[in-house]
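In: Provided below are the primary sequence and the corresponding predicted coordinates.
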Amino acid sequence: MYRTQHAPRARTIIVALVLILVGMAGTFGEILPDNIGIYAFVAATLLLLIGVFFERI
């Protein structure tokens, strides 16, 4: 049976967590510009979605 959804790999989750931390530092911590924080949140979301729908990512 062919599965259409997969669990993201550990490396993908770690990279997404780093992007979320960057997003939090930019959006809430005011350490980085707000735009970088927003882009980091969007990149983390897209990365996790790609990890769900494509195997080995």
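Out: Looks like it came in fine. Numbering: from 1, shown residues only.

In: Now for the spatially most central residue of the chain: which residues touch it?
Out: The centre of the chain sits closest to A44, judged by CA atoms, centre = their mean, with a distance of 1.7 Å. By CB atoms under 8 Å, 6 or more residues apart in numbering, A44 lies in contact with 16-17, 19-20, 23. Bear in mind the C-beta positions are built from the backbone N, C-alpha and C, glycine included.

In: how far away is P8 from Y39?
Out: 20 Å (CB to CB, to the nearest Å).

In: ok, those two, which is more surrounded?
Out: Shown here are P8 and Y39; by other CB atoms under 10 Å, P8 has more neighbours (19 against 15).

In: what's the nearest residue to the more buried one if we skip its chain neighbours?
Out: G51 (3.0 Å; CB to CB, 6 or more residues apart in numbering).

In: Centre of the chain to the helix or strand encompassing the one you found, how far?
Out: Assigned by DSSP states H and E, G51 belongs to helix 34-53. Mean-position distance between helix 34-53 and its chain equals 4 Å (CA atoms, centre = their mean, to the nearest Å).

In: Thanks again, I'm all set now.
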